[in-house]
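Visitor: need a structure here:
(2 chains)
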Amino acid sequence: MSVQNPRQKYMPYLVSALVVVAVLVVVFLILRNPAEETTAEPTTEPQTGQVALSGDAQAIAEARGLSPDDVVAALKTYVPSGQPDEYVIFSSGGHSGQVLVIGVPSMRLLKVIGVFTPEPWQGWGYGAESTMKVLEEGRVNDRDVLWADTHHPALSETNGDYDGDWLFINDKANGRVALIDLRDFETKQIVKNPIALNDHGGTMVTPNTDWVIEGGQYAAPLGWKYASLDKYAEEYRGMVTFWKFDRESGRIRPEESFALELPPYWQDLCDAGKKVSDGWVFCNSFNTEMATGGVEKGDPPFEAGASQRDMDYLHIINLNKAVELIEAGNYREVNGFKVLPLDVATAEKVLFFAPEPKSPHGVDVAPGGDYLVVAGKLDPHVTIYSFEKIMQAIEAGPTETDQYGVPILNFDDVVEAQVEVGLGPLHTQFDNQGYAYTSLFLDSAVARWTLGGDYAAKNPDDPWTLVNKIPVNYNIGHLVAAEGDTVDPDGKYLVALNKWAIDRFVNVGPLLPQNFQLIDISQPGTQMQLLYDMPIGLGEPHYAQMIKADKLHAWEVYPEVGWDPHTQAKSPYATLPGEERVERNGNTVEIFMTAVRSHFTPEQIEIKKGDHVIWHITNIERAKDATHGFALPGYNINLSIEPGETVTFEFDAVEDGVFSYYCTEFCSALHLEMTGYLLVQP
Amino acid sequence: MTELEKILGPRPPHDLLEQERLRFLLPTVLLGMAAFVLIVSIFQPYWRLKLFAPQYPQGLYVYVYINRLEGDIQEIDTLNHYIGMRPLEEAASLERSLSIFIVGVISLLVIAAIYVHNQYAALLTLPALLFPFIFIGDMYYWMRNFGQNLDPQAPLRNTIKPFVPPIYGEGYVGQFKTIATFENGFYLAVLASILILAGLYFHREAYKPLVDTMQHADKHTSHETS
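Guide: I've put the predicted structure just below:
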C-alpha cells in the first residue's frame, strides 16, 4: 500500500470515536426516565414535607375558636385534593336499602350503591334490564318490595382476611340477602329467604366466603304459615340460613344452600369462627323466655317479658357437621328449601348452647378465633368464652338440655373472663395492639379493654381489663375498626355509628341525621382521640366494615365495549360504531344505539303506537368518567351507561307523540345537544 | 475483470484478508450493526405526542410506530371530532401498511452493501441512511394535511382554526398543551444512519485501494489487447 498521509492515519480513530459517542448518546436517550418528564408537567407542584405552621395558621385557629386538639384532629383527617383515602368503609344504609361507601380518614361520602331500593343516579331500577332483573329477584310473594332495612354488610374474605372482591348485605325487614360485585360496585343478586319473613343475624361470611350466614330474628312458623300464639313453643321456630356462595359464577346458589331449624328463641347476631374455630358458627339469642307479648291484654310487654331470665343462650353450631348431614340427605324441605331439622341437629351434635348474660347483643370472634366476646346489653359486662374450653366441654358431654333437647354447656366451664365495661355494651371490634373495643349504648361511649392470652403481650396494660372509655355523641350502635373483625386487624381508626346526633349539626328539622364519629385508636392505653363527625342524612346505618383502600381493585371503565354488567361478560347486544340500526319485526322494534360525546346514534326514531320496543344502548367511550345518562321522559326510563356498558330496556309504546330523549350526565361541552327524537305515530 | 466484478467490486486476495483482518471486518460489522439496529427500531415508537388539559391530569398520549399508532387514540379521536379532524387511523395508512416490508428491504440492502466492494455500496445504503428523515417528512406531511383539512361543519369550527401541530416541542390547541418528542425508534434509526456513515468510511478505506488497483490493471490489459 502507498504511504499514508496524516489525514488517512487519524481518520479511522476519529470515525470510531464518533461512532462510540453516537451509540452512547442514543443509549442515554433510550434509557432516560420518561416518568421524570411526566411528573414535571402538572402546573402546580405539590409541596410535601417541611411543613412549618405559620403565624397565619395560629391566627386562623384562634379566629375559628379551635383548640389545640381540634387542630390536631383537623390535621389527622384532612386529605388534600387529589389524594385518595387510606381506608374505605362499606356501611349499611339502614332503611334506605342502600350501601354507603365512605373514605377514611376524610369521612367523605364516595358512593351510594343502589341495592334493594331504586336509585336514580345509577339508573338502578328505572328500566335497565340488568337492574330490573336483580330487583325482581327481591320480590316477596310476587310483590315488588322496593325498600329494605339493610343491616350488616360483609366483605368477602380469603383465609379470614378481606379480599376486596365481593360485598354481601342483608335486609332485616324482608329476610333478603344481596350481593355486590366490587369490580363495578353494582348489585348483582338478591335472594329472598324462602322460609323466613325477616332476619337479623346476617350477613357474615365464613373465612373463605364459602357460606354467607343469615340468622333469623322474630320466631314464626317456618315457611310463613299461620299458627296461633298459643302454640308458640310447638309451632314457632327460629332459624339460621347458610347461603352457598360460588366465586366462579359470582352468585349465591340457593339450591346448594340450607337452613338450620332452631328453637323459637329470638336469634340475634352471628359470627363465623376463624382459624382455630374455623368450621363453627356462633349466634346469640334474647328471648329464651319465649315471651309472646300482649301488653294490650295486661300481659308483660315484650321488652319486659323477653328480659326475665338471667341467662339466654349462645348458640354454638358445628357448620361442617351440618353440611355433612345436608349432603347425606338428612333434611326436610320447606318451600323447596333444605332445612336441617332441630331434632337431627341435636342428635348429631350440630347444636349446643352456652348460657350468656341476658338479652345480649353481638357475639364477636377474636382475630385468632380463640375467644368469643358476647356483649351484655342489659349487663355491664362483656363475657369472653374460650373456644378451647367450649370444645373441652362438648368433649366431656354436657349433662343438661333445654326443652328442645339441645345440650347446654356449663357457664363456668366455658367462660374465660368477664370484663365490666359500662352500661349497654352492644358490639365488639378488635385492633392490632391486643385491645378490644365495645360500643356502650347507654353510656354513649366506646370502651377499650384488653384481651388476655396471646394478645396480652401486645400492650402494656393488664389482661382482661377496662383501659379507657371515650364518650361519643350519642347512643352508639355498632362500631367499626379498620379490618376490625378479620384475622388481621389494622387498628389506627375506629368509627362509632351513633344513632342520635342531637346537637352535633345545624338543625335540619325534627328528623335528624345519624352521626358517624371517627376516633384515632393508634396510640395505646388511655390515648384515644375523637377526630371527626360525619352526618348521615339518608337512612339509619347499622353495621359497617372498613377495608384498606389498596385491597380494592375496581375497574375504571368496563373491560370491553359492549359489556353487560349483570353477566359481567360481553352483551350479545353490544353495538359498535357503524352497527347502529333500527330493526322491525312485526310489532316489535329493536333499536341498536351507540352513545359517545356528544351524540346518540340514531337521533331520529320513528315507530307506531302499540309497538313493543326493545332498545339497546352501548356507551362506546373508553375514557375514565365518560358516563352518559339516558332519559326517556314519558316512559319513565332513566339509565346510567358507564364507559363500555351496554344497557337494554323494553317498553310498549302505549302513548303516541313526540318524545325527546337526552343524556342526563353532563358529559361534554355539547351535552345539551346530546339528544334525539322518538316519534310515536298514532 | 469479469462482469460480476464490475458490479460487485473486487474480492480481496486471501493472503491480504489474513494480513489485515480488521480492515475488512470493520465495514462488515458496522453495516451489519446498522441493519440490525434499524430492524430493532421497528419495535419501538418513533415519535410521541403528549396532550395536557385540566380534565386529563395524567395526560393523553399518542405513540407513533412505523406501522401503527398506540395510546389514547380513541379518546383523542373523540375530542378531535369536535374540531372536525379525521380519525388518526386514517393518516398514512399506506405508509404504515408497507413500512415493515420497506424497513426489511432497506436493511437487506445495507447487508448487501457489505458484499458490494465498490462505490455502489453507498447507493445501496442510501435509503436506510435517509430513512429517519423520510419518516419525519412524511409525518409532517400528514400532520399538516390533517391540521389544515378540518371539517367545516364541525361544532367548534369557529373556535379552532386550521393549524399544524409542531413536530417537535410545545404547541397549543384549544385547552390542550401538546408536547411532541422523538422516541427510541427514531433515535435507533438515526444511530443506524451514523453506523452506515461510519461503515461506508471504513468500506472505502478497505476496498478503494483494491478498486483502484483493479481499474488500473484493467486499463492496462485493455490497452494491451487493443
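
Visitor: residue ranges for the strands of chain B, please.
Guide: Counting by DSSP state E, chain B has strands at residues B:47-53, B:56-64, B:69-71, B:169-173, B:176-182.

Visitor: hey, which of these is tucked in deepest?
Guide: Of these, the one with the most neighbours on average (mean count of other Cβ atoms under 10 Å in any protein chain shown) is strand B:47-53, at a mean of 20. Every residue, glycine included, has its C-beta placed from N, CA and C.

Visitor: picking that back up, could you dump the strands of chain B to CSV with distance to chain A?
Guide: What follows is these, written out as CSV (distance: least, Cβ to the nearest Cβ, whole Å):
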stretch, distance to chain A
strand B:47-53, 6
strand B:56-64, 7
strand B:69-71, 11
strand B:169-173, 11
strand B:176-182, 8
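
Visitor: is it true that A:N284 lies in a helix?
Guide: No. Assigned with DSSP: H, G, I helix; E, B strand; the rest coil, A:N284 falls outside any helix and is strand.

Visitor: That one - how many residues pack around it?
Guide: 28 (other Cβ atoms under 10 Å in any protein chain shown).

Visitor: right, and it touches A:H315 too?
Guide: Yes. If you go by Cβ atoms under 8 Å, A:N284 and A:H315 touch, sitting 6.9 Å apart.

Visitor: So for these two, which residues contact both of them?
Guide: A:Q267 (Cβ atoms under 8 Å, 6 or more residues apart in numbering or on different chains).

Visitor: and the strands of chain B as JSON lines, adding mean pLDDT?
Guide: Below are the strands of chain B laid out as JSON lines (pLDDT from 0 to 100):
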{"stretch": "strand B:47-53", "mean pLDDT": "94"}
{"stretch": "strand B:56-64", "mean pLDDT": "93"}
{"stretch": "strand B:69-71", "mean pLDDT": "95"}
{"stretch": "strand B:169-173", "mean pLDDT": "91"}
{"stretch": "strand B:176-182", "mean pLDDT": "94"}
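
Visitor: So which of those is nearest A:E665?
Guide: With Cβ to Cβ as the criterion, A:E665 lies closest to strand B:56-64 of the strands of chain B, at 18.0 Å.

Visitor: who does the closest one touch, helix- and strand-wise?
Guide: With contacts taken as 3 or more Cβ pairs under 8 Å, 6 or more residues apart in numbering or on different chains; DSSP states H and E, strand B:56-64 sits against strand B:47-53, strand B:69-71, helix B:73-83.

Visitor: contacts for that strand?
Guide: So strand B:56-64 is contacted by A:38, A:41-42, A:82, B:45-52, B:69-73, B:75-76, B:88, B:139, B:183 (Cβ under 8 Å, 6+ apart).

Visitor: Now with 6 Å, please.
Guide: Outside strand B:56-64, the residues within contact range by Cβ atoms under 6 Å, 6 or more residues apart in numbering or on different chains are B:45-52, B:70-72, B:75-76.

Visitor: tilt between it and helix B:73-83?
Guide: 100 degrees (axes from the mean of the first three to the mean of the last three Cα atoms, to 10 degrees).

Visitor: Run the chain-centre distance for strand B:56-64.
Guide: Using Cα atoms, centre = their mean, to the nearest Å, the mean C-alpha position of strand B:56-64 is found 25 Å from that of the whole chain.

Visitor: thinking again about what came up before, now render the contacts of strand B:56-64 as a markdown table, adding distance to B:L31.
Guide: Listed next are the contacts of strand B:56-64 as a markdown table, based on distance: Cβ to Cβ, whole Å:
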| residue | distance to B:L31 |
| --- | --- |
| B:P45 | 25 |
| B:Y46 | 22 |
| B:W47 | 26 |
| B:R48 | 29 |
| B:L49 | 33 |
| B:K50 | 36 |
| B:L51 | 39 |
| B:F52 | 42 |
| B:E70 | 31 |
| B:G71 | 34 |
| B:D72 | 39 |
| B:E75 | 43 |
| B:I76 | 39 |
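
Visitor: Looking at these, spot the one nearest A:S96.
Guide: Closest approach to A:S96 among these (Cβ to Cβ): B:E75, at 35.9 Å.

Visitor: quick one: that closest one from A:N318, how far?
Guide: Distance of B:E75 to A:N318, given as Cβ to Cβ, to the nearest Å: 56 Å.

Visitor: Give me the neighbour count for A:P80.
Guide: Going by other Cβ under 10 Å, the residues that sit close to A:P80 add up to 8.

Visitor: so what's the closest residue to chain B within the stretch 301-450 of chain A up against?
Guide: Closest to chain B within the stretch 301-450 of chain A is A:N432: 34.7 Å, counting by Cβ to the nearest Cβ. A:N432 is in contact with A:P489, A:D490, A:G491, counting by Cβ under 6 Å, 6+ apart.

Visitor: So which of those residues sit within strands?
Guide: Short answer: these in strands (DSSP E) are A:G491.

Visitor: The contacts of A:N432: which ones sit near chain B?
Guide: The subset of these within reach of chain B, counting by Cβ under 6 Å from any Cβ of the partner chain, is empty.

Visitor: Most neighbours among the contacts of A:N432, please name it.
Guide: Among the contacts of A:N432, the one with the most neighbours (other Cβ under 10 Å) is A:P489, at 23 neighbours.

Visitor: give me phi/psi at that one?
Guide: Main-chain torsions, A:P489, degrees, to the nearest 10: phi -70, psi 150.

Visitor: Any idea what the nearest residue to it once chain neighbours are set aside is bridged to?
Guide: Counting by Cβ to Cβ, 6 or more residues apart in numbering or on different chains, A:P489 lies nearest to A:F430, which is 4.7 Å off, once chain neighbours are set aside. Taking DSSP bridges as the rule, A:F430 bridges to A:A436.

Visitor: nearest to A:G94, of the contacts of strand B:56-64?
Guide: B:E75 (40.1 Å).

Visitor: Give me the distance from the longest helix along chain A to the chain's centre.
Guide: Longest among the helix segments of chain A by residue count, using DSSP state H, is helix A:6-31. With Cα atoms, centre = their mean as the basis, helix A:6-31 stands 64 Å off its chain's centre.

Visitor: Show the secondary-structure elements that it is packed against.
Guide: Under the contact criterion of 3 or more Cβ pairs under 6 Å, 6 or more residues apart in numbering or on different chains; DSSP states H and E, helix A:6-31 touches helix B:184-225.

Visitor: go with 10 Å
Guide: Applying 3 or more Cβ pairs under 10 Å, 6 or more residues apart in numbering or on different chains; DSSP states H and E, we find helix A:6-31 packed against helix B:21-41, helix B:184-225.

Visitor: How much space separates the residue nearest to B:D72 when sequence neighbours are not counted from B:T159?
Guide: Once flanking residues are discounted, B:D72 sits nearest to B:L60: 4.2 Å by Cβ to Cβ, 6+ apart. Using Cβ to Cβ, B:L60 is found at 19 Å from B:T159.
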